[in-house]
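In: fold the following, please.
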Amino acid sequence: MSKTYKNYDGKIAGLYDLEETLGKGHFAVVKLARHVFTGEKVAVKVIDKSKLDDLSRAHLFQEVRCMKLVQHPNVVRLYEVIDTHTKLYLILELGDGGDLYDYIMRYEGGLTEEVARTYFRQIVKAISYCHRLHVVHRDLKPENVVFFEKSGTVKLTDFGFSNRFSPGQKLETSCGSLAYSAPEILLGDSYDAPAVDVWSLGVILYMLVCGQLPFQEANDSETLTMIMDCKYSIPKHVSEQCKKLISKMLIREPDKRASLDEIEKDDWLSIAQNNDCTEDIPLVSREQVSEEHHNCIITKMVNGNIATKEEIIEALDKNEYNHVTATYFLLAERKLKTHCQELSTNEHTETSRANLRVSQMPDMSQPFLRDHVCPTNFIQNARLRKCSIVKEEDEDLSSGKEDKSINAILTSFNRRGSRSEGKLSNILQEKLATAKTFGLKSVRNAQEDSLLEELSLSHGTKKSK
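Out: Below is the predicted model of the structure:
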């Protein structure tokens, strides 16, 4: 590859300007960054490899593998993986409206069912795609759904607890967030991977239309009791069709829950689907870039000394995750956005003219029709791309100047980070260390009683965090 930007300090090998800190964790920090060549904003997850224990390292590698595998319009895109001696950088797509939790909290009592349906359908499509690739998320919640306000789309993120599974295989790791976790995970049972994501989808839909969680009590022990009893009430303003769909997902017995296929075909979710233009926004791939735009992008990259034409084509053909492909797709996405905006403007103008003609000609028999602008087919072949290995420089992780435009994103990451302290494993460890007994109000079998006795969870006992 041609040498690039080697004299820059305070950047990742001179490729990205690191700006605001969006969130922090035990061994990672998420930074707002600007791609130097394109000027596009991205999120950079900086992982300090020296702080990783074996379990954290395994989760990290699994997260990267799953994000490389899952390429979908409703999943946050992984552009590039940069591996240095002490740090690993994940270059990720950046939303413009915080997360779905932020959006829901703007509206007391939840979103309208029409709006909720649009976003929930996108989440279901993303999870269905993941499951077809035998990837389970295991930490589905509104905080892990990034909101793209300008395009009206939502995208899944945070695959830190994701895993591959085989059909019929039972998983055993207890992970996720308490309020969204399925009963079988809380009991420590081995569990069917797709079913736990379905339960979390039920909690998300409830929150979308109700504006609050179905299982949320004064403390974790009471919340746990409500989840195990599967006791919740749905406000009267929610339609019967929506109530039925929620009840199909929030079923204690995993084998009785609706499948993803059944959810996608549900009557409530199918309403007005043909009018949902947000689902026509594709994931940008090489196949979806016109030859004219493709050549234009390559010329710009060659002139910018990013790489030679041969190196760019080779990187694309090998589906690599390096700075060459990251630059290409950032430029391609900009082209697509500009193209769609132009077509949208033209369509709006043409529609107005057509409506005027119709009003002037009441006997007109043929309706005004227009084709969809963007293709609807999703990428079916997963990219297994190599990552960048670059010389490590002195990364300046200090925050840049405050930018009001990123306040929503900053709030989102900060809350997501703070809530990561309350991951299921930590909650259960606290309860195991402090509690003795735990009582369930609903019917449970002898095996469950034995498991609960083994867990020794104390009702109402909670260690301060």
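
In: strand partners of whichever strand or helix holds residue 47, parallel vs antiparallel please.
Out: Element membership of residue 47 [criterion: DSSP states H and E] is strand 41-48. The sheet places strand 41-48 alongside strand 28-35 (antiparallel), strand 87-92 (antiparallel), with pairing taken from DSSP bridges.

In: buried sites along that strand?
Out: 41-47 (16 or more other Cβ atoms under 10 Å). All C-beta spots, glycine's among them, are computed from the backbone N, C-alpha and C.

In: out of those, which is nearest to residue 102?
Out: residue 43 (15.6 Å; Cβ to Cβ).

In: tell me how far the closest one lies from residue 28.
Out: Relative to residue 28, residue 43 is positioned 12 Å away (criterion: Cβ to Cβ, to the nearest Å).

In: do the same with residue 224
Out: For residue 224, the distance to residue 28 - Cβ to Cβ - is 28 Å.

In: ok, these two, which is more surrounded?
Out: residue 224 (24 against 21; other Cβ atoms under 10 Å).

In: show the pLDDT at the closest residue to that one other than its chain neighbours.
Out: Closest residue to residue 224 apart from its sequence neighbours, by Cβ to Cβ, 6 or more residues apart in numbering: residue 186 at 6.2 Å. Among the per-residue scores, residue 186 shows a pLDDT of 92.

In: what about the helices in the stretch 51-200 of the chain?
Out: Ranges of helices in the stretch 51-200 of the chain, per DSSP state H, counting those that start in this stretch, are 54-69, 100-105, 113-132, 183-187, 193-210.

In: by contact count, what packs against the helix or strand just after the last one?
Out: Okay, so that is helix 193-210. Where DSSP H and E defines the elements, the next helix or strand beyond helix 193-210 is helix 220-229. Here helix 220-229 touches helix 183-187, helix 424-434, going by 3 or more Cβ pairs under 8 Å, 6 or more residues apart in numbering; DSSP states H and E.

In: go with 7 Å
Out: Applying 3 or more Cβ pairs under 7 Å, 6 or more residues apart in numbering; DSSP states H and E, one finds that helix 220-229 contacts helix 183-187.

In: for the helix it packs on, list the C-alpha coordinates in CSV.
Out: C-alpha atoms of helix 183-187 as CSV (Å, rounded to 0.1, in the frame of the first residue of the first chain):
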residue,chain,number,x,y,z
PRO,A,183,-36.2,-16.7,32.4
GLU,A,184,-34.1,-19.7,31.3
ILE,A,185,-30.9,-17.5,31.3
LEU,A,186,-31.7,-16.3,34.8
LEU,A,187,-32.2,-19.9,36.1
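
In: all numbers from here: first residue = 30
Out: All right, first residue 30 from here; so that's helix 212-216.

In: how about the helices of the stretch 80-229 of the chain, which one is nearest residue 179?
Out: Taking Cβ to Cβ, helix 129-134 is the member of those nearest to residue 179, at 13.1 Å.

In: average pLDDT for the closest one?
Out: 93.

In: and the contacts of that helix?
Out: 126, 139-140, 148, 171-172, 174, 176, 183, 236-237, 240, 437, 440-441 (Cβ atoms under 7 Å, 6 or more residues apart in numbering).

In: and with 6 Å instead?
Out: The contact list for helix 129-134 (Cβ atoms under 6 Å, 6 or more residues apart in numbering) reads 171-172, 174, 176, 183, 441.

In: kindly confirm my reading that residue 361 is in a strand.
Out: No. Looking at residue 361 with DSSP: H, G, I helix; E, B strand; the rest coil, it is helix, so not inside a strand.

In: that one: neighbour count?
Out: Counted with other Cβ under 10 Å, residue 361 comes out at 20.

In: let me know the secondary structure of residue 261.
Out: Classified using three-state DSSP, residue 261 is coil.

In: relative to residue 255, how far out is the closest residue to it other than its chain neighbours?
Out: Once flanking residues are discounted, residue 261 sits nearest to residue 243: 3.7 Å by Cβ to Cβ, 6+ apart. Distance of residue 243 to residue 255, computed by Cβ to Cβ: 8 Å.

In: who has more neighbours, those two?
Out: For residue 243 versus residue 255, neighbours defined as other Cβ under 10 Å are more numerous around residue 243 (21 against 18).

In: ok, the more buried one touching residue 263?
Out: No. If you go by Cβ atoms under 6 Å, residue 243 and residue 263 don't touch, sitting 8.0 Å apart.

In: next, the buried residues of stretch 119-128.
Out: 119-124, 126-128.

In: and the contacts of it?
Out: The contact list for stretch 119-128 (Cβ under 6 Å, 6+ apart) reads 70-74, 105-106, 108-109, 172, 174-179, 355, 437-438, 441.

In: for stretch 235-250, same thing?
Out: So stretch 235-250 is in contact with 138-140, 142, 145, 149, 207-208, 252, 255-256, 261, 264, 267, 271, 275, 456, 488-489, 491, going by Cβ under 6 Å, 6+ apart.

In: buried residues in it?
Out: Those would be 235-240, 242-244, 249-250, for stretch 235-250 by 16+ other Cβ under 10 Å.

In: next: stretch 218-233.
Out: Those would be 218, 220-233, for stretch 218-233 by 16+ other Cβ under 10 Å.

In: now stretch 207-219
Out: Residues of stretch 207-219 classed as buried: 207-216, 218 (neighbour count, 16+ other Cβ under 10 Å).

In: which of the buried residues of strand 70-77 sits closest to residue 300?
Out: residue 72 (33.7 Å).

In: follow-up on the earlier one: got a markdown table for the buried residues of strand 70-77, with distance to residue 158 and pLDDT too?
Out: Below are the buried residues of strand 70-77 laid out as a markdown table (distance: Cβ to Cβ, whole Å; pLDDT from 0 to 100):
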| residue | distance to residue 158 | pLDDT |
| --- | --- | --- |
| 70 | 26 | 96 |
| 71 | 23 | 96 |
| 72 | 22 | 95 |
| 73 | 25 | 95 |
| 74 | 22 | 94 |
| 75 | 28 | 93 |
| 76 | 26 | 93 |
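
In: would you format the residues you listed as a markdown table with distance to residue 316 included?
Out: Below are the buried residues of strand 70-77 laid out as a markdown table (distance: Cβ to Cβ, whole Å):
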| residue | distance to residue 316 |
| --- | --- |
| 70 | 26 |
| 71 | 23 |
| 72 | 26 |
| 73 | 27 |
| 74 | 28 |
| 75 | 32 |
| 76 | 31 |
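
In: among those, give me the pair with the biggest separation.
Out: Among those, 70 and 76 lie farthest apart (Cβ to Cβ), at 20.1 Å.

In: run through this protein and note the low-pLDDT ranges.
Out: 30-40, 42, 302-311, 368-494 (pLDDT under 70).
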